[in-house]
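S.K.: no letters, just coordinates:
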């Protein structure tokens, strides 16, 4: 008996270690390999640029992750980002201060999140379609605001510091990201509300039977998610020196979604995690840059991302016997 | 006293007073009433909306969305999602255009894209049903891969113009999208046939029933002896073929294939399927409802264009109408 026990203790399943570290190693390794092939990637300017761009995508992906954790779905994240970016750019161009636009962005995000959760919780509209409707509405408002034209900003050093400034060698945006990431991770893993959100997302009926309020979980998730995206829109306007004319933000949404879904491959059970999402989002963001540095056509980038997404998840699910249904409706 | 309980049992659930419950009526039929009301108001505001020529035009234009939405509905009705459906329609039309430009025979112009779509659907099916990848991930991945294929084939989304080709080459192909049989456009007749056929497949055959079962409770379906993997996967193949048809129809109608132009239809597909769901009595996704939803979406878009409202209004009005329709529909659901 004793020898059996010691055998079991020392037999750590190689598969699960590989899986947990494997995805991170694979992602970082791929970027490093491609980067070494083309040293232009590692030039400080380029790296810093990639880092800053990655921060915006990561923040959106984090917002998407929280909503997904609570069992919701946020189609409107991209549109909200574009809306607050436009509002911020327009306000700055109109002479408003940086603090003002940050508050406006935050408020808009919280409001959008509140409306989303209202639609889902009170009116019982499936999250998928409720946020789809909100996406259309917000896109329309953004288009109405910017009249179909990009808003470009000039000579606003105080505002540009958010997106382009550095603290020492580290981009300010990256510091913001780390703070948000740490806060979210602690919130989700170490507080009761956070764990309740996981519970509601995993198995709604079981959570309900345990007395966990789905309402509270969804409200919290959508509002926090909305707040993050709202503020990130302001960051985007700062980084991008303005706001773009496109209003649906579909590219951001799809990449953020892909990042959140790739983040599930970091755990054996396919659990969503903010750290997994962050690494995946940084990976996706740097992927297109490193591919271009390597001379790979930009046209292939979506396809490569798609293959990586499917391959990564495939490794996680291949042992299960279920069919790929999802219950986001 | 003795037979009262039997009498009570028999009449339980019937409203013997036969009072017309207004609130109940609204709740039951609120959505369709609302939609008809919106259309009437639209027509009153702009009389051109109700012109027969306009309505026929809308029906013609909506055929793309109708067929694609039905394809999406198959996947959604088994509790999956097919994000690649619009991209498949896109590449299908593109392939048809490329074949026509390269002087392929007409039968190939129609058949080859459909074969490609069936293959794409098969890959989705294998990934989702047999390998167990969640459908949102698998179809997101296949959507991105197909996007890259399209971009590479067309050198970065160059439009493929067909209407400059000699009439002899394009006549047969264009008949599909622009021809008429008598006063009725061929496309409308074709769409009606497709709707009837898919309605039959989805609601009147064993396969359709099995799909119903999977959509409700997959474990029970499996234990009942349904080949869950096959039926679940077939929803994706059917969806891909349908969206392939709609892609070819679009190119045939407009005379050119602009890559990535169909991508925006993805959202409208979701809207149509959901509208179809809340139009049904039991809140189940269904073919006819989806077609009606697609037509409704087309009508709204048409009215907005007739009113000369710009893109912002189109987005906002679409969004608001969806939300209102779904709120009313959700009120109906909470009854049972």
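M.R.: Arrived safely, thanks for sending. Since the structure is predicted, the reported quantities are computational estimates derived from the model, not experimental observations.
S.K.: phi, psi of the spatially most central residue of chain A?
M.R.: Computing the C-alpha centroid of chain A and ranking residues by Cα atoms, centre = their mean puts residue A:61 first, at 0.5 Å. Backbone geometry at residue A:61, expressed as degrees, to the nearest 10, gives phi -60, psi -40.
S.K.: who are the contact partners of it?
M.R.: Residue A:61 sits next to A:255, A:256, A:257, A:259, A:260, A:263, A:277, A:278, A:280, A:281 when contact means Cβ atoms under 8 Å, 6 or more residues apart in numbering or on different chains. Any C-beta I mention is one placed from the backbone N, CA and C, and that applies to glycine too.
S.K.: I'd like the average pLDDT over the host helix or strand of residue B:291.
M.R.: Counting by DSSP states H and E, the element that carries residue B:291 is helix B:287-306. For helix B:287-306, mean pLDDT is 92.
S.K.: what about the strands in the stretch 151-300 of chain A?
M.R.: A:151-152, A:166-167, A:170-171, A:242-243 (DSSP state E, counting those that start in this stretch).
S.K.: just say which of those is most tucked in.
M.R.: strand A:242-243 (a mean of 27; mean count of other Cβ atoms under 10 Å in any protein chain shown).
S.K.: so which elements touch it?
M.R.: Applying 3 or more Cβ pairs under 8 Å, 6 or more residues apart in numbering or on different chains; DSSP states H and E, one finds that strand A:242-243 contacts helix A:77-93, strand A:151-152.
S.K.: in its sheet, what does that strand sit against?
M.R.: Its sheet considered, strand A:242-243 pairs with strand A:151-152 (antiparallel) by DSSP bridges.
S.K.: can you name the residues in contact with the strand it pairs with?
M.R.: Taking Cβ under 8 Å, 6+ apart as the rule, strand A:151-152 contacts A:86, A:89, A:90, A:93, A:241, A:242, A:243.
S.K.: at which residues are the strands of the stretch 51-200 of chain B located?
M.R.: With DSSP E, counting those that start in this stretch applied, the stretch 51-200 of chain B shows strands at B:160-161, B:180-181, B:184-185, listed in chain order.
S.K.: identify whichever of those lies nearest to chain A.
M.R.: When the strands of the stretch 51-200 of chain B are compared by Cβ to the nearest Cβ, strand B:160-161 sits nearest chain A, at 15.9 Å.
S.K.: and the closest one, is it in reach of chain A?
M.R.: No. On the criterion Cβ under 8 Å from any Cβ of the partner chain, strand B:160-161 is out of touch with chain A, staying 15.9 Å away.
S.K.: thinking again about what came up before, and the strands of the stretch 51-200 of chain B as JSON lines, adding mean pLDDT?
M.R.: Formatted as JSON lines, the strands of the stretch 51-200 of chain B follow (pLDDT from 0 to 100):
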{"stretch": "strand B:160-161", "mean pLDDT": "82"}
{"stretch": "strand B:180-181", "mean pLDDT": "86"}
{"stretch": "strand B:184-185", "mean pLDDT": "88"}
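S.K.: let me have those strands in JSON lines, extended by distance to residue B:40.
M.R.: Output for these, formatted as JSON lines (distance: least, Cβ to Cβ, whole Å):
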{"stretch": "strand B:160-161", "distance to residue B:40": "40"}
{"stretch": "strand B:180-181", "distance to residue B:40": "29"}
{"stretch": "strand B:184-185", "distance to residue B:40": "25"}
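S.K.: is the helix holding residue B:291 up against chain A anywhere?
M.R.: No. Contact of helix B:287-306 with chain A (Cβ under 8 Å from any Cβ) is absent, the minimum separation being 10.8 Å.
S.K.: helix or strand right after that helix?
M.R.: Per DSSP H and E, helix B:287-306 leads on to helix B:311-333 as the next helix or strand towards the C-terminus.
S.K.: helices or strands up against that following helix?
M.R.: Under the contact criterion of 3+ Cβ pairs under 8 Å, 6+ apart, helix B:311-333 touches helix A:127-146, helix B:22-45, helix B:265-279, helix B:287-306.
S.K.: residue A:243 touches residue A:83, doesn't it?
M.R.: No. With contacts counted by Cβ atoms under 8 Å, residue A:243 stays clear of residue A:83, the gap being 9.2 Å.
S.K.: and the gap between residue B:98 and residue B:262?
M.R.: Using Cβ to Cβ, to the nearest Å, one obtains 15 Å as the distance from residue B:98 to residue B:262.
S.K.: now swap in residue A:207 and tell me
M.R.: The spacing between residue A:207 and residue B:262, counted by Cβ to Cβ, is 40 Å.
S.K.: ok, these two, which is more surrounded?
M.R.: residue B:262 (27 against 20; other Cβ atoms under 10 Å in any protein chain shown).
S.K.: residues contacting the more buried one?
M.R.: Contacts for residue B:262 were tallied using Cβ under 8 Å, 6+ apart; they are B:64, B:86, B:87, B:89, B:90, B:93, B:247, B:250.
S.K.: ok, and the closest non-adjacent residue to it?
M.R.: The spatial neighbour of residue B:262 that comes closest, neighbours along the chain excluded (Cβ to Cβ, 6 or more residues apart in numbering or on different chains), is residue B:90 at 4.0 Å.
S.K.: distance check, that neighbour against chain A.
M.R.: Computed as Cβ to the nearest Cβ, to the nearest Å, the residue B:90 to chain A distance reads 13 Å.
S.K.: so that residue sits right up against residue B:251, yeah?
M.R.: No. Using Cβ under 8 Å, residue B:90 is not in contact with residue B:251; the gap is 9.7 Å.
S.K.: the two: which is more packed in?
M.R.: Between residue B:90 and residue B:251, residue B:251 has the larger neighbour count (other Cβ under 10 Å), namely 31 against 28.
S.K.: surely that one meets residue B:163?
M.R.: No. Contact criterion Cβ under 8 Å: residue B:251 and residue B:163 do not qualify, at 10.5 Å.
S.K.: which ones are touching residue B:77?
M.R.: Taking Cβ under 8 Å, 6+ apart, one finds B:202, B:211, B:212, B:215, B:235, B:284, B:285 in contact with residue B:77.
S.K.: among these, which two are most distant?
M.R.: Spanning the widest gap among the contacts of residue B:77 are B:235 and B:284, at 14.6 Å by Cβ to Cβ.
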